[in-house]
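Student: What shape does this take:
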Amino acid sequence: MNILTLIKSCGKLFLLLEDKLSNLNWKLIASQSGLTEGPTWTEKGLLYSECPESLTWLYDPESETNSIWRKNTGGSNGMLLDEEGKLYACEGEGRRLVSYKQNEETEVIASEFEGKAFNEPNDLAIFPGGKKIWFSDPNYGGRDLSIEHESVYLASKNENKWVVSRATFDTDRPNGVLLSKDAKKLYVANSPHDFENYSIRRELRSYSIEPDFSLGEYEVMHNFGPHRGVDGMTLDEDGNILATAGFDKSGPGSLIYHFDQSGRVIQTFEAPDNSPTNCTFGGKKKDLLYVTFATGSVYELSGTGLKG
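Tutor: Numbers count the residues shown, from 1 in each chain. Take a look at the predicted model:
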């Protein structure tokens, strides 16, 4: 390839990239007083948590309004619907994994392990069929540890009883958890906040799911070094990962990472606010990416060309 052909090819690539970026549009849809998390798309709109206030909000895309969907949620963080539309949530302050129905009593799925209350349940992933739920239990609140380790657990439903077992034995501070599209792997964000300690592993990991639902050895998909690692994640329709990470204190800043299933970075989207916490696809065509932030804001990103 001669130099002129190379220049022309690079020019076309630049124009294609410029055209793609010009289609991106961040729209602010909510601005709450405290950290928002757990975005979950439902037939009524977007549910999301305002953790410090123990509120679950509902954003209605038709009227573009936000209303309180549920109060006293125990600092609910990650939320997720199962295949039948049942809503599960991790209550950080409540120290438990629960299920919600609007205007009904909270159903407690799990509140302790080996007689000790959980530290601060954060995020969850549900295996097809709804009888296996992995959830992370870090301690970002800084209170005394109830359980001396910060791990991922598996809640298994046997007949009408939920039984909890420990799933990871090598996590420092697990945050986001996500099931792969083929349900053969569990993606785990190991994301401690001691940023001055360079020996701590801030990694996006992939654990194999064994036939007995225990987790095998993990592979490191991406190492964030001393910078803020992954918080929350979701899948696109191809099984690739959209992950929220980064902040304004170090590294490349606040980004939405688009990883393929091996951990290769396909692309990134620069976030409009600091410290994105979680994301999910929604909208009638599932082509809108909803992103929550530690600042309390919630944004809708259109024009990515991706679908959930």
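Student: quick one: the residue nearest to S275 when sequence neighbours are not counted from G251, how far?
Tutor: Using CB to CB, 6 or more residues apart in numbering and skipping the chain neighbours, the partner closest in space to S275 is A294 (3.7 Å). C-beta here means a position set from N, CA and C on the backbone, and glycine is covered the same way. Look at A294 and G251: by CB to CB, to the nearest Å, they are 15 Å apart.
Student: Ok, A117 next?
Tutor: Distance, A117 to G251, by CB to CB: 34 Å.
Student: coming back round to it: among A294 and G251, which residue is more densely surrounded?
Tutor: More neighbours surround A294 than the other of A294 and G251, with 20 against 17 (other CB atoms under 10 Å).
Student: and the more buried one, what does it touch?
Tutor: Contacts for A294 (CB atoms under 8 Å, 6 or more residues apart in numbering) come out as 35, 247, 274-277.
Student: I would like a PyMOL command selecting only the buried ones among these, please.
Tutor: Buried members of those, defined by 16 or more other CB atoms under 10 Å, are picked up in PyMOL with:
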select buried, resi 35+247+275+276+277
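Student: Quick check: the farthest pair among the contacts of A294?
Tutor: L35 and F247 (12.7 Å; CB to CB).
Student: List every C-alpha atom in stretch 242-257, with coordinates, as PDB.
Tutor: Extracted in PDB, the C-alpha atoms of stretch 242-257 (Å, rounded to 0.1, in the frame of the first residue of the first chain):
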ATOM      1  CA  LEU A 242     -21.100  -2.800  28.800                       C
ATOM      2  CA  ALA A 243     -19.400  -1.800  32.000                       C
ATOM      3  CA  THR A 244     -19.300   1.400  34.100                       C
ATOM      4  CA  ALA A 245     -15.800   2.400  35.400                       C
ATOM      5  CA  GLY A 246     -13.400   5.200  36.200                       C
ATOM      6  CA  PHE A 247     -13.600   8.600  37.800                       C
ATOM      7  CA  ASP A 248     -12.100  12.100  37.600                       C
ATOM      8  CA  LYS A 249      -9.200  11.400  40.100                       C
ATOM      9  CA  SER A 250      -7.000   9.200  38.000                       C
ATOM     10  CA  GLY A 251      -6.700   7.200  34.800                       C
ATOM     11  CA  PRO A 252      -8.800   7.900  31.600                       C
ATOM     12  CA  GLY A 253     -11.700   9.300  33.500                       C
ATOM     13  CA  SER A 254     -15.400   8.200  33.700                       C
ATOM     14  CA  LEU A 255     -16.100   5.800  30.900                       C
ATOM     15  CA  ILE A 256     -18.600   3.200  29.700                       C
ATOM     16  CA  TYR A 257     -16.400   0.300  28.500                       C
END
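Student: got the contact list for that stretch?
Tutor: Residues outside stretch 242-257 that contact it (CB under 8 Å, 6+ apart) are 176, 189, 195, 204, 222, 224-236, 241, 258-259, 265, 268-271, 273-279, 281, 289, 291-292, 294, 301, 306.
Student: May I see the buried residues of it?
Tutor: For stretch 242-257, a neighbour-count test (16+ other CB under 10 Å) marks 242-247, 251, 253-257 as buried.
Student: Can you flag which of those belong to strands?
Tutor: 242-247, 251, 253-257 (DSSP state E).
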